[in-house]
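Engineer: here are the coordinates; sequence isn't available:
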Ligand code: SAH
């Protein structure tokens, strides 16, 4: 342990790390006490030589050190086992009934560069730092020990791996899953060749509803687990309601609303695959009769529904409208464009809401904070001459913990507003 290379920080750079933030940038480092290979463990000290943590070093990343612990630690299978068990205990405390959830959420669990999602008996791992990548075998061994999963998959198709000098990585790390159907077995003539490469899906249970999920080709690691508690929370406004679920993906909000007593739910997503999956999910849950689906661009659809001749008024049709778009911005520079997009959909959605109706709306961009997001909604409400009553405020589900000292851990925010007039 004493042989660890020391990263000495410049004066004034230790405070943020001591307070719990795990990232040390190149510019904050005074010097290294010895040469070191990328991916190795280092100890970090302030300029007065006081130990402030241990972490992974990578000269290729803008983030030179990702701190794992404020103390000296040995990183081995036991380390990962303890950390994963601690993270699991947090999920069991806050989501006691859940069978699918995020087990490890990187910085939120002080394991920068590691995400692990549990979809029933299958785990999906995403690794985005070199230090973690080099210890993949230890991580997989610890996960096997704790969960005894049917399979552990890797999804490594994110741009963030590039920043660490890592190639894309995809595959089955343990067990069996996604073996492509042998063409000869299902179609001796090869006619169904396209079907042969379709990845098998898994049925995920969220709040008692079943969702067919593609863990290999789907968004994120398959689903938006961060909305799990919000599906249930928003559905309380669905009783006897005409509901519109915009950006529905697999039908998370829409199907919860249908189960909660909606009269009818219309689901919109531009992806034909997502709409097809949502349609199957509605049937699986016995909710097909209450639901209708359209593969369309939400912007175009809302525009068409709110287009009227001069002096005509839009006829509002819905009692609950859900807006859960993708992040319209991945960086600070495009925030103004993103805000225009957010305003546009709110403006049109408000026109389609009946008096007393509810707008449940979400923003998953870290770069648009909650105050800015609410301002956009109020600006749309001003333009449509609506007055809104805020009846709920939402965040990401507790398996995506927010650590306020690490602002990057907070990204999902949402509100429910009722139309007062
Ligand atoms: N509400 C969903 C998550 C939505 S993610 C859930 O809880 O699971 C965003 C979805 O919006 C994706 O399924 C994507 O296909 C869809 N999408 C993105 N841009 C769109 C657009 N302009 N019109 C319609 N759908 C869009």
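Structural biologist: Everything's here; your move. In this text, all values refer to a predicted model and were calculated from it rather than measured experimentally.
Engineer: Show me where the stretch 201-350 of the chain has its strands.
Structural biologist: 202-206, 209-213, 242-246, 264-269, 291-295, 318-323 (DSSP state E, counting those that start in this stretch).
Engineer: List the strands paired with the fourth one, with their directions.
Structural biologist: Think strand 264-269. strand 242-246 (parallel), strand 291-295 (parallel) (DSSP bridges).
Engineer: what about that strand, average pLDDT?
Structural biologist: For strand 264-269, mean pLDDT rounds to 98.
Engineer: related to what we said a few turns ago, in JSON lines: the strands of the stretch 201-350 of the chain, plus distance to residue 129 and mean neighbour count.
Structural biologist: To be clear about C-beta, it is placed using only N, CA and C from the backbone, and glycine gets the same treatment. As requested, the strands of the stretch 201-350 of the chain are arranged in JSON lines below (distance: least, Cβ to Cβ, whole Å; neighbours: other Cβ atoms under 10 Å):
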{"stretch": "strand 202-206", "distance to residue 129": "27", "mean neighbour count": "19"}
{"stretch": "strand 209-213", "distance to residue 129": "26", "mean neighbour count": "20"}
{"stretch": "strand 242-246", "distance to residue 129": "35", "mean neighbour count": "26"}
{"stretch": "strand 264-269", "distance to residue 129": "32", "mean neighbour count": "24"}
{"stretch": "strand 291-295", "distance to residue 129": "37", "mean neighbour count": "18"}
{"stretch": "strand 318-323", "distance to residue 129": "33", "mean neighbour count": "26"}
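Engineer: Kindly reformat those as CSV containing distance to residue 283.
Structural biologist: Formatted as CSV, the strands of the stretch 201-350 of the chain follow (distance: least, Cβ to Cβ, whole Å):
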stretch, distance to residue 283
strand 202-206, 13
strand 209-213, 10
strand 242-246, 16
strand 264-269, 13
strand 291-295, 9
strand 318-323, 21
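Engineer: quick one: the helix or strand hosting residue 104 to strand 202-206, angle?
Structural biologist: Per DSSP states H and E: residue 104 is located in strand 101-105. Taking axes from the mean of the first three to the mean of the last three Cα atoms, to 10 degrees, one finds strand 101-105 and strand 202-206 inclined to each other by 90 degrees.
Engineer: follow-up on the earlier one: mind checking which of the strands paired with strand 264-269 is nearest the ligand?
Structural biologist: Proximity to the ligand (Cβ to the nearest ligand atom) singles out strand 242-246 among the strands paired with strand 264-269, at 7.1 Å.
Engineer: Including mean pLDDT and distance to the ligand, could the strands paired with strand 264-269 go into a markdown table?
Structural biologist: Shown next, in a markdown table, are the strands paired with strand 264-269 (pLDDT from 0 to 100; distance: least, Cβ to the nearest ligand atom, whole Å):
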| stretch | mean pLDDT | distance to the ligand |
| --- | --- | --- |
| strand 242-246 | 98 | 7 |
| strand 291-295 | 98 | 8 |
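Engineer: got these as CSV, with distance to residue 404 columns?
Structural biologist: Converted to CSV, the strands paired with strand 264-269 look like this (distance: least, Cβ to Cβ, whole Å):
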stretch, distance to residue 404
strand 242-246, 30
strand 291-295, 39
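Engineer: At the contact with the ligand, which residues of this protein appear?
Structural biologist: 224, 227, 247-250, 252-253, 268-271, 274, 297-299, 324-326 (Cβ under 6 Å from any ligand atom).
Engineer: Give the buried subset of those as a PyMOL selection command.
Structural biologist: For the buried members of the residues of the chain next to the ligand, the matching PyMOL selection, counting by 16 or more other Cβ atoms under 10 Å, is:
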select buried, resi 224+227+247+248+249+250+252+253+268+269+274+298+324+325
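Engineer: Mind checking which of the residues of the chain next to the ligand are in helices?
Structural biologist: 252, 253, 274, 298, 299 (DSSP state H).
Engineer: okay if I get those as a markdown table plus pLDDT?
Structural biologist: Below are those laid out as a markdown table (pLDDT from 0 to 100):
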| residue | pLDDT |
| --- | --- |
| 252 | 98 |
| 253 | 98 |
| 274 | 94 |
| 298 | 98 |
| 299 | 98 |
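Engineer: which one of those residues sits closest to residue 335?
Structural biologist: Minimum distance to residue 335 across these is 18.3 Å, recorded for residue 299 (Cβ to Cβ).
Engineer: Which pLDDT value goes with the residue lying closest to residue 403 once chain neighbours are set aside?
Structural biologist: Spatial nearest neighbour of residue 403, chain neighbours left out: residue 409 (4.8 Å); criterion: Cβ to Cβ, 6 or more residues apart in numbering. Here the pLDDT value assigned to residue 409 is 96.
Engineer: contacting residues around residue 409?
Structural biologist: 105, 107, 108, 400, 401, 402, 403 (Cβ atoms under 8 Å, 6 or more residues apart in numbering).
Engineer: Skipping adjacent residues, who's closest to the fifth one in space?
Structural biologist: Once its chain neighbours are removed from consideration, residue 401 has its nearest residue in residue 108; the separation is 4.2 Å (Cβ to Cβ, 6+ apart).
Engineer: Was I right to think that neighbour contacts residue 407?
Structural biologist: No - counting by Cβ atoms under 8 Å, residue 407 is not a contact partner of residue 108; they are 11.8 Å apart.
Engineer: These two: who's more crowded?
Structural biologist: Under the criterion of other Cβ atoms under 10 Å, the comparison of residue 108 against residue 407 puts residue 108 first, with 23 against 13.
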